[in-house]
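Visitor: Give the three-dimensional model of this entry:
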Amino acid sequence: MRSGIRGGRAAIRSTLGAVLVAVLVVASGIGAAGAASPAPVPGGPAGIGVCAARASAVRATGTVATLRAFGNCEINRRLATLNRLTATVDASKGLTSSDAAALSSDIGAARSGLTGLKATIDGQTRIPALKAEIVQIATRYRVYVLLGPQVRLTIAADDVLALKPAFDGISATLTGRIATAQRNGKDVTSAQAALDAMNAAVADAVALASPLPAKLVALTPAGFNSGTAVPVLKNARSALLEARDYLKAAAQDGRKVLTDLE
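Guide: Model (predicted):
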């Protein structure tokens, strides 16, 4: 009997450990979402110097050829980032199908738009028009300042929500163990308080994350340009950092329940 109880506790500890690892993965995703390059690739924001030589050539001569080369470089590094973002969406386990579809659509639209813009730039022979088209590379698509963080934050929010069923299962199991311990005459006051704290922390994390995916996937480059998207991104990241801390606390509370029942 005692070996069975010990085995059950070991299984719960293992589950809690797995949940804690998942929480840390979520935390990593949230941290990445606030970075300059949410999908690091050679030539991404941190590697903007890839196009530095072409930018210098534009400043030196400003010809159609140098402008075109610079524009193509800027587009190509964004296309590489979009490919990485696609891989990130495809690899996500917590992302809901609807959010994955919305993000994939945004990535695809940016890829299509940039590819079309590249064709326009390649065919352009007038310098003023060429300069205007190059400006659109950043302003029309916002790959680095909007789309990358949008993808990472949405994944992080869905990851938080995806942890709830695991915590619900843990809560049900711990509730049963507390009831058994109480019937056997053990004082379960501390264990029950820890379980209540775990459940409250999970509820707080879910409340913070729940509204975020819909807000995030609705963001557009036009909204970024008008100034409405940046506060949404900042608020989402802050909420997810807070949700991460709640989940960490919840995992520790679950472990405390087991300790109190020993």
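Visitor: make it CA atoms for all contacts and neighbour counts henceforth
Guide: OK.
Visitor: Check whether the residue lying closest to residue 170 once chain neighbours are set aside sits in a helix, strand or coil.
Guide: With C-alpha to C-alpha, 6 or more residues apart in numbering as the criterion, residue 170 has its nearest non-adjacent residue at 7.1 Å, and that residue is residue 12. Per DSSP: H, G, I helix; E, B strand; the rest coil, the local secondary structure of residue 12 is helix.
Visitor: pretty sure residue 12 is touching residue 169, no?
Guide: No: at 9.9 Å, residue 12 does not count as touching residue 169 under the criterion of C-alpha atoms under 8 Å.
Visitor: who's more crowded, these two?
Guide: Relative neighbour count places residue 12 above the other of residue 12 and residue 169, with 19 against 13, counting by other C-alpha atoms under 10 Å.
Visitor: how near is the more buried one to residue 231?
Guide: With distances defined as C-alpha to C-alpha, to the nearest Å, the gap from residue 12 to residue 231 amounts to 40 Å.
Visitor: go on, residue 57?
Guide: Relative to residue 231, residue 57 is positioned 36 Å away (criterion: C-alpha to C-alpha).
Visitor: More neighbours: which of the two?
Guide: Taking neighbours as other C-alpha under 10 Å, residue 57 and residue 231 compare with residue 57 leading, 16 against 11.
Visitor: In the stretch 1-150 of the chain, where is pLDDT below threshold?
Guide: Applying pLDDT under 70 to the predicted model, the residue ranges of the stretch 1-150 of the chain that meet it are 1-9, 20, 24, 26-48.
Visitor: all strands in it, in order from the N-terminus.
Guide: Listed in chain order, the stretch 1-150 of the chain contains no strands at all (DSSP state E, counting those that start in this stretch).
Visitor: With just CA atoms, put stretch 75-82 into PDB.
Guide: What follows is stretch 75-82 as a C-alpha-only set of coordinates in PDB (Å, rounded to 0.1, in the frame of the first residue of the first chain):
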ATOM      1  CA  ILE A  75      13.700  42.200 -49.100                       C
ATOM      2  CA  ASN A  76      15.800  39.000 -49.200                       C
ATOM      3  CA  ARG A  77      16.700  39.200 -45.500                       C
ATOM      4  CA  ARG A  78      13.000  39.700 -44.700                       C
ATOM      5  CA  LEU A  79      12.000  36.700 -46.800                       C
ATOM      6  CA  ALA A  80      14.600  34.600 -44.900                       C
ATOM      7  CA  THR A  81      13.000  35.800 -41.600                       C
ATOM      8  CA  LEU A  82       9.500  34.900 -42.900                       C
END
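Visitor: so how far is that stretch off the chain centroid?
Guide: Relative to its parent chain, stretch 75-82 has a centroid offset of 19 Å by C-alpha atoms, centre = their mean, to the nearest Å.
Visitor: wouldn't residue 75 be in contact with residue 118 here?
Guide: Yes: counting by C-alpha under 8 Å, a contact exists between residue 75 and residue 118, whose distance comes to 6.9 Å.
Visitor: can you pull the contacts of residue 68?
Guide: Applying C-alpha atoms under 8 Å, 6 or more residues apart in numbering to residue 68 gives the contacts 121-122, 130.
Visitor: out of the residues you listed, who has the most neighbours?
Guide: Counting by other C-alpha under 10 Å, residue 121 has the largest number of neighbours within these, with 23 neighbours.
Visitor: So it versus residue 71, what's the distance?
Guide: Looking at residue 121 against residue 71, where the rule is C-alpha to C-alpha, the gap reads 7 Å.
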